[in-house]
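J.: pasting the sequence and the predicted coordinates here, then a few questions.
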Amino acid sequence: MAYFNFTKIVPPAPNDPTVNEATQLNNNWDHIETKLTPYVNGGSLSGLEAGQEFLGTPGPRASVWNGTARREPDDIDAAWTAWTAVPIISPRVTRPGNILKWRQNPLMRKVELRGGVLFDASSNAWTLGATFLITNDVAGGIPGTSFPVGGAMIGPTPTAIAAAPAIVAGAYVTVDKPVANTFCRIRVQYMGGPGGGNFIALDQIWWWY
Amino acid sequence: MHSPTPNYGLVRPTDGRGLTTNDPMNVPDVQINPNWDALAGVPAPNSGTTLPQSGSYNLGDRFYKSDTQSIYVLICKDVNWGWYWRPVHDAISPWFTVPTTCLAIAGWTLNPVPTNPFAIALDARGRCYWRGVVGPTSGNLARNTSPGVFKPLPTGLRPARSGTWMLGHEPVAVGTNGNNLNAWQGARIYLNDNGDPLYQPSIRCFGGTADMNRFHLTGVNYPVGTDRYLDV
């Protein structure tokens, strides 16, 4: 059954040669149907205004007409890049099993980190209060086009989880891009905690670019 | 801007001598054309490149952002916090710079770092993101105090659940003894939900050996709304 179920007018007999009401009215029904059918079935949308919403095909979907084509909601998930390892400045090393990686989403204009870093390959203790360079102007790093809006991002992050689950400590992460840099710089400051820790996790660090 | 549906007007019938009839039952143009006019008079969608911050809009109204080609839905109108639009087709809204009228106490500023003002964005999935830097206009925030820095979050910006988020802070300093319970430090913000709509979001810093004066909000993100009445 058609979605639009208009009743068409039947001309009287004999037809009035000067006023063909049936033709004129039916033209209008046809016109309405032409304009509204795309809201349900898609198809030719040349009569729509930019900014009008309609149900797309296949399936009901919140499409909007941009003046020349349909626009559907951005696919946020598909826009994420693959996770890419972050080059780390020696003697800091990434933590096996929690490789420090980054990804970005150009739709969100967001960068996310995951994984953690060790003080060194021997998992020696971090120095309380000291700031350590994790990555800097190193080829393959996070490009400067993705550096934090506003200049720098400072955020808290946990440490020492694997050393002893009952013991927590803190660190602070600063992400910025020195003027001469091509790539983003990441530094962490170990804030300490009872018992110390053996790695600093960066899983909850993200920023907007 | 043209009308989506042009008119197709009827012609008034004549009596065969070129004169109109007086039959009130036979004036289809008068009877029907207003209907076409009504259909053709439907206004075009409101659109533009800047999401309105004022005007005759109600919550739930839609606006077509023509440069990014996305519908936006108005979800918050607040005299202190401003207006916020949620995207339908864009992944995330533009960053709305929060007006200083959101501050509840004197001596604080939303803009200690001019390049990084307090701003809020909403994504297409209903999450709310904060960024920017806030802090005392001069001096530091005394540790272990909790001033209600902001006026209560309005409906539409409140998190589904009240909660606490850790903040980045400056200066980042620590004590000299890692085994001293006061030797490390942090800062947090507490946000209210619909169950406590009059609560003023408060910022607190704690621990360490140095006071702080800049608080970074990038870590704050939450789903907007309320499941307060489902959380039994």
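T.: Okay, I see it. Every value quoted in this text rests on a predicted model; they were computed, and no experiment measured them.
J.: need the distance between the two termini of stretch B:115-132.
T.: Terminal residues of stretch B:115-132 are spaced 9 Å apart (C-alpha to C-alpha, to the nearest Å).
J.: hmm, it in reach of chain A?
T.: Yes. Using C-beta under 8 Å from any C-beta of the partner chain, we find that stretch B:115-132 touches chain A at B:Thr115, B:Asn116, B:Pro117, B:Asp123, B:Ala124, B:Arg125, B:Tyr129, B:Arg131, B:Gly132. Every C-beta, even on glycine, is put in place using the N, C-alpha and C of the backbone.
J.: output the below-cut-off pLDDT ranges for chain A.
T.: Where chain A drops to pLDDT under 70, the residues are A:1-5, A:11-19, A:38-47, A:56-61, A:160-168, A:193-197.
J.: all helices for it, in order.
T.: Along chain A, counting by DSSP state H, helices occupy A:21-41.
J.: which parts of it are strands?
T.: Under the criterion DSSP state E, chain A contains strands at A:53-55, A:62-65, A:70-71, A:84-85, A:93-94, A:101-105, A:110-114, A:116-118, A:131-135, A:152-159, A:169-176, A:185-192, A:199-201, A:206-208.
J.: mind giving me the packing neighbours of the last one?
T.: Read that as strand A:206-208. With contacts taken as 3 or more C-beta pairs under 8 Å, 6 or more residues apart in numbering or on different chains; DSSP states H and E, strand A:206-208 sits against strand A:110-114.
J.: just the CA trace of the strand it packs on, in CSV.
T.: Output of strand A:110-114 as CSV, limited to C-alpha atoms (Å, rounded to 0.1, in the frame of the first residue of the first chain):
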residue,chain,number,x,y,z
LYS,A,110,40.7,14.1,19.5
VAL,A,111,43.9,12.1,20.3
GLU,A,112,44.0,9.2,22.8
LEU,A,113,46.8,7.3,24.4
ARG,A,114,47.0,3.8,25.8
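J.: which strands and helices sit next to that strand?
T.: Partner elements for strand A:110-114 (3+ C-beta pairs under 8 Å, 6+ apart): strand A:101-105, strand A:206-208.
J.: which of the ones you listed sits most buried?
T.: Among those, the stretch with the highest mean neighbour count (mean count of other C-beta atoms under 10 Å in any protein chain shown) is strand A:206-208, at a mean of 24.
J.: residue 53: neighbour count?
T.: By default, I'm working from chain A. Using other C-beta atoms under 10 Å in any protein chain shown, A:Glu53 has 18 neighbouring residues.
J.: other chain: chain B
T.: Under the criterion other C-beta under 10 Å, the count of neighbours that B:Gln53 has is 13.
J.: the one 10 residues further on too?
T.: For B:Phe63, the tally of surrounding residues (other C-beta under 10 Å) stands at 21.
J.: now swap in A:Gly129 and tell me
T.: Neighbour tally, A:Gly129, other C-beta under 10 Å: 19.
J.: could you do B:Arg143 as well?
T.: For B:Arg143, using other C-beta under 10 Å, the count is 17.
J.: which residue lies nearest the spatial centre of the chain?
T.: No chain in the question, so chain A it is. Central residue of chain A (C-alpha atoms, centre = their mean): A:Met108, 3.6 Å from the mean position.
J.: looking at chain B here, not the other one
T.: Chain B, centroid-nearest residue using C-alpha atoms, centre = their mean: B:Tyr84 at 1.9 Å.
J.: so who does it touch?
T.: Going by C-beta atoms under 8 Å, 6 or more residues apart in numbering or on different chains, B:Tyr84 touches B:Leu74, B:Ile75, B:Cys76, B:Ser93, B:Phe96, B:Ile120, B:Leu122, B:Gly156, B:Leu157.
J.: most surrounded residue in the residues you listed?
T.: B:Leu122 leads those on contacts (other C-beta under 10 Å) with 26 neighbours.
J.: neighbouring contacts of the helix or strand encompassing that one?
T.: Assigned by DSSP states H and E, B:Leu122 falls within strand B:119-122. Contacts with strand B:119-122, where a contact means C-beta under 8 Å, 6+ apart, come from B:75, B:84-87, B:92-98, B:128-132, B:157, B:224.
J.: ranges for the strands of chain B?
T.: Under DSSP E, chain B gives strands at B:47-48, B:62-65, B:70-78, B:82-87, B:96-97, B:108-109, B:119-122, B:127-131, B:133-136, B:163-170, B:185-191, B:202-207, B:214-216, B:221-223.
J.: any chance you could list what contacts the last one?
T.: Okay, so that is strand B:221-223. Residues contacting strand B:221-223 (C-beta under 8 Å, 6+ apart): B:Arg125, B:Gly126, B:Arg127, B:Cys128, B:Tyr129, B:Trp130, B:Pro159, B:Ala160, B:Arg161, B:Gly163, B:Trp165, B:Leu191.
J.: rerun at 7 Å
T.: Applying C-beta atoms under 7 Å, 6 or more residues apart in numbering or on different chains, the external contacts of strand B:221-223 come out as B:Gly126, B:Arg127, B:Cys128, B:Tyr129, B:Trp130, B:Pro159, B:Ala160, B:Gly163.
J.: quick one, what contacts the fourth one?
T.: What that stands for is B:Tyr129. With contacts defined as C-beta under 7 Å, 6+ apart, B:Tyr129 is in contact with B:Ile120, B:Ala121, B:Asn221.
J.: any idea what it is bridged to?
T.: B:Ala121, B:Asn221 (DSSP bridges).
J.: neighbours of the closest residue to A:Ala121 other than its chain neighbours, how many?
T.: Nearest residue to A:Ala121, sequence neighbours excluded (C-beta to C-beta, 6 or more residues apart in numbering or on different chains): A:Val93, at 5.1 Å. As a burial measure, A:Val93 scores 17 neighbours (other C-beta under 10 Å).
J.: distance of A:Val93 relative to A:Ser123?
T.: 9 Å (C-beta to C-beta, to the nearest Å).
J.: cool, and A:Asp203?
T.: Noted for A:Asp203: a distance of 19 Å to A:Ser123, by C-beta to C-beta.
J.: same check, this time on A:Val64
T.: Here A:Val64 is placed at a distance of 54 Å from A:Ser123 (C-beta to C-beta).
J.: pull out the buried members of the contacts of strand B:221-223.
T.: Using 16 or more other C-beta atoms under 10 Å in any protein chain shown as the burial test, the contacts of strand B:221-223 include B:Arg127, B:Cys128, B:Tyr129, B:Trp130, B:Pro159, B:Ala160 as buried.
J.: alpha carbons of stretch B:118-127, as PDB, please.
T.: C-alpha atoms of stretch B:118-127 as PDB (Å, rounded to 0.1, in the frame of the first residue of the first chain):
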ATOM      1  CA  PHE B 118      36.900  27.100  29.500                       C
ATOM      2  CA  ALA B 119      34.800  25.500  26.700                       C
ATOM      3  CA  ILE B 120      32.200  22.600  26.500                       C
ATOM      4  CA  ALA B 121      31.400  20.400  23.500                       C
ATOM      5  CA  LEU B 122      28.700  17.700  23.000                       C
ATOM      6  CA  ASP B 123      29.000  14.700  20.800                       C
ATOM      7  CA  ALA B 124      26.400  12.900  18.800                       C
ATOM      8  CA  ARG B 125      26.100  10.100  21.400                       C
ATOM      9  CA  GLY B 126      25.100  12.500  24.200                       C
ATOM     10  CA  ARG B 127      28.500  12.800  25.900                       C
END
